[in-house]
Every structure is written in structure tokens, then in C-alpha cells.
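>>> Got a sequence here, can you build the structure:
(chains A and B)
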Amino acid sequence: MIISKKKDHEELLSLIGNYNSFFLIGCSECASLCGTGNDEAIAELTEKLKAAGKTVVSATIPKTGCQTLGTKTELKKFKEFTDKADAIIVMSCGAGTQSAVEIFPDKPVFPANNTLFLGNMTRFQVFDERCSLCGECIIGLTGGICPVTNCPKGLLNGPCGGMSDGNCEVSPDIKCAWVRIYERQKKIGNLEQMKEIIPAKNWSANQRPANLSLKEKKDKTNEVKK
Amino acid sequence: MTFAEKIRSNKFVVTAEVGPPKGTNIKDVLHHIELLKGKVDALNVTDNQSAVMRICSLAGSKLIVDAGAEPILQMTCRDRNRIGLQSDLLGAAILGIKNVLCMTGDHVSAGDHKNAKPVYDVESVQLLQIVDSLNKGRDMSGNELQGATDFFQGAVVTPEANPLEPQLMKFEKKVKAGANFFQTQAIYDMAKFKEFMKFARKYPVKILAGFVVLKSAGMANFLNNFVPGIKVPQELIDELKAAPKGTALETGMNITARHIRELMDEKICDGVHIMAIGMEDKVPLILQKAGL
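Numbers count the residues shown, from 1 in each chain, chains lettered A, B, ... in the order given. Here you go, the predicted model:
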């Protein structure tokens, strides 16, 4: 899921500046599990905005904020409120926030959160990054553990000289990703694989902005001719 | 004879290093080059060591070429992507730089620009492959070069890494990627180093044992506690503690000289690399004590 964290309230207040009335949009998916876009988060932000002399006209929690079409449909029911609001504050990730930007082309939209990473929830409300969406997965070569993400240097061919007693030099409280890969490969009888040089990554697979369409592309050449 | 020719002819080689300054005043580094150039076979030039921004290792290496000595250009992957690295390597070749040491590089969080974006587009093993390819007249994308490089490329290894096996596997990859020589992290335990050499001798590469002179027992404890891959045995710490007041540095230099002598006499490795870290002026004395 996408991990988000509430922005510092002072920063949010400076972003919203002189606007006075707001419609708040949460998200029932990731942002709810992160506590940044659920009912409690909306109630808390509503209180804080009131304390700052602002008005919250209404709020809602769409099912999946980043599903732009669905969110647009859900928000239609709130038209009278969204029309009244000076601006929209979105309490989800950056993707959900930009759905709102698309849905409200004439209104200012502000993010209430910072979007941090694609995370695994390892315990309740504890999130760790395991995958950094690099576009070309290599964990089939590294015992299922991603060195691009788990090593601060993203090294592909073994530990650096900074590895100390099995731990990472950059974050000494975590185990070196390559020691983890080594131990796992050994355990599953796959140590030979660790001897193969992994070539430099193809970063073009990570080019931004990424997009994907599962629809077959229509061949428009004939249509044009007609 | 060049550094590569010397090491290939089985001469026991000596390398030391100089660190370019932060700023344009190069008086000290020129002094160190003059001091060391006749005494060592090649001089490493560190590449923004510890991720602290300084004069680039390429310019530092050119100063050594101009002084009539041979540099080993240290290149890390922290600050440049594959285009920058290859471009600088071609530049190094036309400036008369013959040796390159391929390293991953300390993370920016260790240095003085902690908010910098670390690059690591490629890493040490892949950089060795790049150098090998440039030597064969092709860039990393397979494009033909107008004139190939002729680098003698080396790498680093930590013989006392814990756990050791992943480090040894990386050593094998570096050999496969084209490393001709290795300079090791500082070593203090001769018995352990000899064990490492039994492993390393299986590969067709030259090994230079790394040395950092101990200035005091306090420094030894600091290295043990804070520098990864360095283990100073207790008996050496005791030896430093037992030194009469004001003679700890002398004792440290004697220890280094004794270790160098031992490796040379027993033909354990192919040379030594002395990392003076601010004590460049003491290197000639250490070599003299070691009988080099």
C-alpha cells in the first residue's frame, strides 16, 4: 500500500493561506490504514481548522481515491457542498490528491499529507519499504529480497565495505540487505546464484511519468482515411 | 617501469595515497606528492572520501602526472551516473592516467552534503566491467570508441568483513569483472590476513595489503568501534598502551613497519598500500623502518 503521513499542521495552514471554507476528502484504502485519511483523521483536521478560524463545509471518504472515475461519481453526491467550499483538502496520497485536481478543475486542491513510499504493513501501523517500483524486478535473482530498495546504495552485486557485523552502515539498526540475501540463498540452497554478476539496471524502465493501458490500441489509420 | 609493469614482474610494490583539499589551495597536496613520489610506486587519489566534497580525484591525479609520478585514480559511483563515469574515464586516459581503482563509494549520509541525491547508477563490480569494456574499445552501450583506453584497473576488498563469505563472493565477482589488483581495507591481524591470502591466491590477481598507522590505543579502540571491517587485536592495543609517554605514534609506526616486513619476507602478498590519513610526511620513515 501507499504510505502517507500527515503534514505538519503549520505547513498546511500556510498552504491554505487565505481560503476560508473547505471540503475534506479522505480515502478508505491505504490512507485509512495509515490513519491519515480515515474518520478520526478527518475529525482531527476539522477541529484544527475550526481552531484556526476556518470552516469545514463537509467531508467524505471515497472508496479508492486514486480510482479517478469512481471517485468522481462518488463526489457528485456532494456537489452542493463542494460548490460552497473555497478549496478542497485531500487526505490521501499524492495520487488521490491529483484525482481531486482532475475532478475539480476550477478549485484549489491542497494535500494534507506527505506521500512516503510503497510499504508493507509488518505490524499494526508499522510500515516498511520492500519495493521501490523500479519497473524491472530482479528479486528472482536475489533470493526474493530487493537490494534496490533494501540497500541504501541499491547495490546489485553484494555488500559494500561499510557492512559491519552484518548490519548496514547507513542505517546501523537494520541488517545489511546483502547479508539477508546471502543467508536466504544459503538456506534455500541457491548460493550459486549469488556468484552471477547482475548487470547494471535498465533505468529507462523507471522513466516518469509511467503509464500502462491494458486496452488494445485502436488502429486509427483507417478511421482517418474515412 | 610503470606500476602495472612492476606489479606484473612480481616486484613488491608500495602505494600510498593523497587526499585533494577542499578548496583551491593545493600547497599541501603538492608538498605530499613531492615527498612521496620517489618513495612509492604509485599514489592513490581519493574521490571525495567519506563523501566530503573536495577537488575531484581526476584533477588530483593530473597533479601527480605533472609531477612525474604515477597516480591511481580512485573512482566511486556515488556522484556520477554511467555517462559521467565513462566520460571522466576517457578524460583520465587522455591526461595520462593509467591506473583506476573502482569503488562504490561512501554514502552521502557520511559526508558534508547529507541532503545530496546519491547516484549509484552502477556499482563497483559494474564499474570494473565498464573499464574493461573501454579498454576493449567499446562504451557500456556497445558503441565503438575512437581510441580505446588502456587502464590497469583495481578494486578494494575487506579481508576482515564479518560475515566474510558475502565479501569473498563479491571479491570473486570483481575478479571476473576485470580487476587486476586489489588494495585491502586496513589490516592488523597478520594471521587472519594470511588466511585471506590462501583464498585470494586462487585467483590471478595481485593483492596489496592496506595499512593505517595506529597513533594511539585510543585510535585503535575508535577503529574497532566505529570503522566497519577493521579489527585491531588486543595485543597491539596493549603494545600501544605500554609505550612510554609521547612514543605511541613511534610504536604505531614500528608495528606497521614490522607487519610490512613480515608480509614481504614471507611473500604473503604482492605489495602494500599505506593510507596515511593526514600523516603523509611519516610515510617515508615507515618505509625506511620496513627496509623498503
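>>> Please report phi then psi for residue B:185.
phi -60, psi 160 (degrees, to the nearest 10).
>>> Neighbours of the nearest residue to it once chain neighbours are set aside, how many?
In space, and not counting its chain neighbours, residue B:185 is closest to residue B:158: 4.2 Å by Cβ to Cβ, 6 or more residues apart in numbering or on different chains. (C-beta placed from N, C-alpha, C; glycine too.) Number of residues near residue B:158 (other Cβ atoms under 10 Å in any protein chain shown) recorded here: 25.
>>> can you check residue B:211 too?
Residue B:211 has 25 neighbouring residues, counting by other Cβ under 10 Å.
>>> In this structure it contacts residue B:269, no?
No. Between residue B:211 and residue B:269 there is no contact under Cβ atoms under 8 Å: 11.4 Å.
>>> okay, now the domains of chain A?
A:2-117, A:132-206 (automatic domain parsing).
>>> Columns distance to residue B:44 and mean neighbour count on top of these, output as a markdown table?
Putting the domains of chain A into a markdown table (distance: least, Cβ to Cβ, whole Å; neighbours: other Cβ atoms under 10 Å in any protein chain shown) gives the following:
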| stretch | distance to residue B:44 | mean neighbour count |
| --- | --- | --- |
| domain A:2-117 | 38 | 18 |
| domain A:132-206 | 15 | 18 |
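>>> closest to residue A:215 out of those domains?
domain A:2-117 (13.9 Å; Cβ to Cβ).
>>> all strands of chain A, in order?
A:2-6, A:21-25, A:55-60, A:87-90, A:109-111, A:113-123, A:126-129 (DSSP state E).
>>> so what strands line up beside the first one?
Applying DSSP bridges, strand A:2-6 is found paired with strand A:113-123 (antiparallel).
>>> Now the strand it pairs with: average pLDDT?
Mean pLDDT, strand A:113-123: 97.
>>> Show me what that strand is in contact with.
A:1-7, A:31, A:33, A:36-37, A:91-95, A:97, A:127-133 (Cβ atoms under 8 Å, 6 or more residues apart in numbering or on different chains).
>>> which residue packs closest to residue A:174, ignoring adjacent ones?
In space, and not counting its chain neighbours, residue A:174 is closest to residue A:168: 5.1 Å by Cβ to Cβ, 6+ apart.
>>> how close does that neighbour get to residue A:178?
Between residue A:168 and residue A:178 the computed distance is 9 Å (Cβ to Cβ, to the nearest Å).
>>> Residue B:45 too?
Counting by Cβ to Cβ, the gap from residue B:45 to residue A:178 is 28 Å.
>>> One more: residue B:91?
Residue B:91 is 32 Å from residue A:178, by Cβ to Cβ.
>>> which parts of the helix or strand encompassing residue B:256 are buried?
Secondary structure from DSSP states H and E places residue B:256 in helix B:248-265. For helix B:248-265, the neighbour count (16 or more other Cβ atoms under 10 Å in any protein chain shown) marks B:248-249, B:251-257, B:259-260, B:263-264 as buried.
>>> Check stretch B:198-206 too.
Here stretch B:198-206 shows B:200, B:205, B:206 as buried, counting by 16+ other Cβ under 10 Å.
>>> Do a quick rundown of the helices in the chain.
Since no chain was named, I'll use chain A. Here chain A has its helices, by DSSP state H, at A:9-16, A:30-33, A:39-51, A:68-76, A:79-84, A:94-103, A:147-150, A:177-187, A:221-225.
>>> that answer is for a different chain, and I need it for chain B
B:3-8, B:27-36, B:57-66, B:82-94, B:124-135, B:165-176, B:190-200, B:217-226, B:234-242, B:248-265, B:283-289.
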